[in-house]
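*Asks:* please find the sequence and the predicted model below.
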Amino acid sequence: MFAKRVFVVLAVLTVLSMALAACQPAATPTAAPPTQPPATQPPATQPPATQPPATEVAFEPMKYPENPSCDYGGIIKEIAALDRLTVQFTLCQSDPAFPSKAAFSAFSIQPKEWIEAAMADRRILSQPIGTGPFKLEAWNRGDSIVMKRFDDYWGEKAQVETLVFRWNKEAAARLLELQSGTVDGIDNPSPDDFEVIRNDPNLKLLEREALNVFYVGMTNTFKPFDDVRVRKAIAMGIDRERIVKNFFPAGSEVATHFTPCAIPNGCTGDPWYEFDPAKAKELLAEAGYPNGFKTKIYYRDVVRSYLPEPGLVATDLQAQLKDNLGIEAEVVVMESGAFIEESSAGRLDGLYLLGWNADYPHITNFLDFHFGASNPQFGKPHPEIYELLQEAARIADPKEAEDLYTRANNAIRELVPMVPIAHGGSAVAYRADVEGAHASPLGNEYFAVVKPGDRNTFVWMQNAEPISLYCNDETDGESLRACEQMLESLLAFEVGGTAVKPGLATSCDPNEDLTVWTCKLRDGVKFHDGSDLDANDVVMSWIVAWDAKHPLHIGNTGAFSYFSYLWNALLNAPPSED
Amino acid sequence: MTSASAPISVRAVRDYRANSLWRLTLRRIFRQRPAIIGMTLLGILVFCAVFAPVIAPYDPEAVLIGVENVRRREPPCIHLLGCPKDRPQHLMGIDGNVRDVFSRIIFGARISLFIGISTVSFAILVGTILGAISGYVGGWVDLVIMRILDVLLAFPSLLLAIAIVTVLGRGLQNALLAIAIVSIPVYARVVRASVLSVKENAYVLASRALGGSHFHVLLRRILPNAIPPLIVQGTLGIGTAILDAAALSFLGLGAQPPTPEWGTMLGTERNQVFTAPHLVFFPGLAIMITVLSFNLLGDGLRDAIDPRLKQG
């Protein structure tokens, strides 16, 4: 009897201890890392500070790779430092979008010495050393990131002394913090709260112009979409304003062109057709379908900023086609992967709802991708469009290319490969006394220019915590925005806009056929650790990400997605990744 | 002889008729409150379904954008409850596509009742044939049919229905077919059990001895015994079929937009549970009431037809 009782007690104890053991490992690792980085921070920042004098003495320009070749399939052929302040990028093909890409924060520059010192042990993920107007003070994991003004900044110094990043994934919670005054600005308030913010005298709502497009695609290799009159009839028979007004948040716009107007040359040429059901019916009758026809509307049930309500928009489009044109459409939901695969291969025999988010703010990212000679997503590509695009892609200056893009936009309007519907918007909200408040179409609000009344700290609340602060290997917008306050790229985007302006380089000039870009670096730029910017820092920052075989190609995940995506491929990428 | 027996037989017939299974059943049913509630609810539903165009104030597929000054997902506006008179009345609010939810719910009753009755009739028809053959013939035929049905029964019914719809393609018709196929085994078993229980009875043997064909014996002497349990099972089955159809539609496999099907209505607006609860509340309530009414009626019928079950 006694033995039995002892056994029971023992058994209970064992179970309890196992339960405790199961709970503990989850708790310890998350607790440990936050304490470690601050401890290693002071010694880590010192060595590079002492090194610059040594490197300044003898500048050995880097050249990479040793045997440049284009066989790997990417755009970049060679990156070379010509002298202390000149970097030259040799490309495998002409690329007028080079400045737009080089301004992107995934290509930011950190000191060569710091990359060599901090990449292998991944300190670089949490302790970036940049040239930006703010430098990192502390990253309190799970709570906030604190940045201080960098007093040796080369450009205009930050307006506030302290910048704090916080996050909360609930839109309602972000708004509550803003209303109570604990933060000065929030990202993405819920569209349902737009009115509340507008009516609050202490707050202001800034609509963020959207760099995306939502369109209704058609594949011209299927009947009846092979007839341009049918496509035009659909273009005129859809009340696009009704869709935007009812199913998109405030700040969204009815698309006048495929490319958003914020992008240079995006909306030159004639605006899209007015809603005209009578004319549309006439065209349909001319094409031999006076009573419409039967078709399908394909979509995926995935919410994107360009399509916040996929199912409802599909149903509304179905109703419009029936009422306005007599077209009986069946709504078909597809699995996301299959939908993308089928639509981009041009295998969908009906209308399909798809959109595009800008990767970099250049018109080639919109037009060349969709209407290029090799894209079958709208069926047979139209030479009337892609020949103009090919010609325009050889011109770097947007002003010079304007005429060609005007003609290309008009050709798209005439041939109607698809119907652009909307540019879906979002918004940011600030306290009313914040000066310099802005919303950036790229999502990269730049807080060096804001001044929150007479306070000396600006607190920003976004949707999520940055994943890491080594943004050359991040794609997530929340991480990129935090990086952009501290790190800079060769070029930069205008605050609150998409035009490219000088950054760490005073200029990046192409050769005749846009295959060699030479960037002149700004003299006297200091990193946060006190060292000077030189051409080797630029080369090093780029090559560790670009060359998959580089010993320091480590990063956070090691994917370096933007490098492989915007420059087509990583050098020496393992074949399995293709 | 004839003059003496005639009045007796007339009374006997009258008594017999008065106490026939159906009259007894009906009388017993009306003594049960749950069954009466079920019948009343069902009556209302059938009324709504039959007179849907008269009751519904709007076309269930009509988009009211530009027709009326209403916002998307507007909550219910009922004049009797203090909604301003200058606002258009929408008893159950407006859905995400700016359509009148009340009209859609009313028309949805048609679809749901049609789903329930058509699938169950189909399943009963096929199930009866299979069950009767299986029970009457016996031997290896019985073995093969019943094992196949056992396999069908071993699948969770909704999963099997999803699998069938995946093969046939989505759409209301295919969903109906899938649900019907899934519910066949239940009815086949019921019929087989009653066939087995009476097949060796003396009156059946007598009918055979008198020269009745197998078909005649099965149809006239044996199968009538299976009708009462089939009615009970069928009534309960309608509820299940409606639920299954709603589940399939919720998953996007059943009725396709813009059909006003309750499950589809739930599915498209499921994310609005907090921001616009009326869009999920009313279709959900409609499904619940319909299934409840069939279940109450089915339970009542079972107790009425076979009072022994109730005691046991």
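*Replies:* On my side now, so go ahead.

*Asks:* whichever residue of the stretch 351-500 of chain A sits closest to chain B pairs with what?
*Replies:* Nearest residue of the stretch 351-500 of chain A to chain B (Cβ to the nearest Cβ) works out as A:Leu353 at 13.3 Å. The way it works is simple: take the backbone N, C-alpha and C, and place the C-beta from them, glycine included. Note on A:Leu353: beta-bridge partners A:Val216, judged by DSSP bridges.

*Asks:* distance of it relative to B:Ser293?
*Replies:* Distance of A:Leu353 to B:Ser293, given as Cβ to Cβ, to the nearest Å: 39 Å.

*Asks:* then A:Ala103?
*Replies:* Distance from A:Ala103 to B:Ser293, by Cβ to Cβ: 66 Å.

*Asks:* those two - which one has more neighbours?
*Replies:* A:Ala103 (28 against 23; other Cβ atoms under 10 Å in any protein chain shown).

*Asks:* pLDDT score for the more buried one?
*Replies:* On pLDDT, A:Ala103 comes in at 92.

*Asks:* contacts for stretch A:370-380 next, please.
*Replies:* Residues outside stretch A:370-380 that contact it (Cβ atoms under 8 Å, 6 or more residues apart in numbering or on different chains) are A:217-222, A:225-226, A:258, A:343-346, A:356, A:369, A:381-383, A:385-386, A:389-390, A:408, A:412, A:417-418.

*Asks:* tell me which element the residue nearest the centre of chain B is part of?
*Replies:* Computing the C-alpha centroid of chain B and ranking residues by Cα atoms, centre = their mean puts B:Ile238 first, at 1.9 Å. Assigned by DSSP states H and E, B:Ile238 belongs to helix B:227-250.

*Asks:* helix or strand right after that helix?
*Replies:* Where DSSP H and E defines the elements, the next helix or strand beyond helix B:227-250 is helix B:262-268.

*Asks:* hmm, that following helix touching chain A?
*Replies:* Yes: for helix B:262-268, a contact with chain A is found by Cβ under 8 Å from any Cβ of the partner chain, at B:Thr268.

*Asks:* which parts of the next helix or strand after that helix are buried?
*Replies:* Proceeding N to C from helix B:262-268, the next assigned helix or strand is helix B:278-305, under DSSP H and E. Using 16 or more other Cβ atoms under 10 Å in any protein chain shown as the test for burial, helix B:278-305 gives B:278-284, B:286-287, B:290-305.

*Asks:* same question, stretch A:408-417
*Replies:* Buried residues in stretch A:408-417, defined by neighbour count with 16+ other Cβ under 10 Å: A:408-413, A:415-417.

*Asks:* over to stretch A:366-374?
*Replies:* Under 16+ other Cβ under 10 Å, the buried positions of stretch A:366-374 are A:366-368, A:370-371.

*Asks:* send the alpha carbons of that stretch over as PDB?
*Replies:* Output of stretch A:366-374 as PDB, limited to C-alpha atoms (Å, rounded to 0.1, in the frame of the first residue of the first chain):
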ATOM      1  CA  PHE A 366       5.400  47.600 -65.300                       C
ATOM      2  CA  LEU A 367       5.300  47.700 -69.100                       C
ATOM      3  CA  ASP A 368       8.300  45.600 -70.100                       C
ATOM      4  CA  PHE A 369       7.400  42.800 -67.800                       C
ATOM      5  CA  HIS A 370       3.800  42.600 -68.900                       C
ATOM      6  CA  PHE A 371       3.800  43.500 -72.500                       C
ATOM      7  CA  GLY A 372       7.300  42.400 -73.500                       C
ATOM      8  CA  ALA A 373       7.900  40.100 -76.500                       C
ATOM      9  CA  SER A 374       8.300  37.000 -74.400                       C
END
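
*Asks:* distance between that stretch and the chain's centre?
*Replies:* Chain-centre distance of stretch A:366-374: 19 Å, with Cα atoms, centre = their mean, to the nearest Å.

*Asks:* what mean pLDDT does it have?
*Replies:* For stretch A:366-374, the mean pLDDT works out to 86.

*Asks:* next, the angle from the lengthiest helix in chain B to helix B:227-250.
*Replies:* In chain B, with assignment by DSSP state H, the single longest helix is helix B:101-137. If you take axes from the mean of the first three to the mean of the last three Cα atoms, to 10 degrees, helix B:101-137 sits at 130 degrees to helix B:227-250.

*Asks:* B:Gly139 - how many residues pack around it?
*Replies:* B:Gly139 has 8 nearby residues by other Cβ under 10 Å.

*Asks:* again, but for A:Lys549
*Replies:* 11.

*Asks:* do I have it right that A:Leu570 meets A:Val544?
*Replies:* No: in this structure, A:Leu570 is not within contact of A:Val544 by Cβ atoms under 8 Å, at 11.0 Å.

*Asks:* what about the closest residue to chain A within the stretch 101-250 of chain B, helix or strand, and which?
*Replies:* Across the stretch 101-250 of chain B, no residue is closer to chain A than B:Arg170, which sits at 8.0 Å (Cβ to the nearest Cβ). Using DSSP H and E, B:Arg170 sits in no helix or strand.

*Asks:* tell me who's in contact with it.
*Replies:* The neighbours of B:Arg170, taking Cβ under 8 Å, 6+ apart as the test, are A:332, B:252-254, B:256.

*Asks:* try A:Tyr306
*Replies:* Neighbouring residues of A:Tyr306 by Cβ under 8 Å, 6+ apart: A:210, A:212-214, A:355-357, A:422-424.

*Asks:* just for the stretch 51-200 of chain B, where's the confidence low?
*Replies:* In the predicted model of the stretch 51-200 of chain B, no residue satisfies pLDDT under 70.

*Asks:* can you list the residues of it near chain A?
*Replies:* Residues of the stretch 51-200 of chain B found near chain A (Cβ under 8 Å from any Cβ) are B:61, B:63, B:65-66, B:72, B:96-98, B:170.

*Asks:* repeat the analysis, applying 10 Å as the threshold.
*Replies:* Within the stretch 51-200 of chain B, the positions adjacent to chain A are B:61-63, B:65-66, B:71-73, B:95-99, B:169-171 by Cβ under 10 Å from any Cβ of the partner chain.
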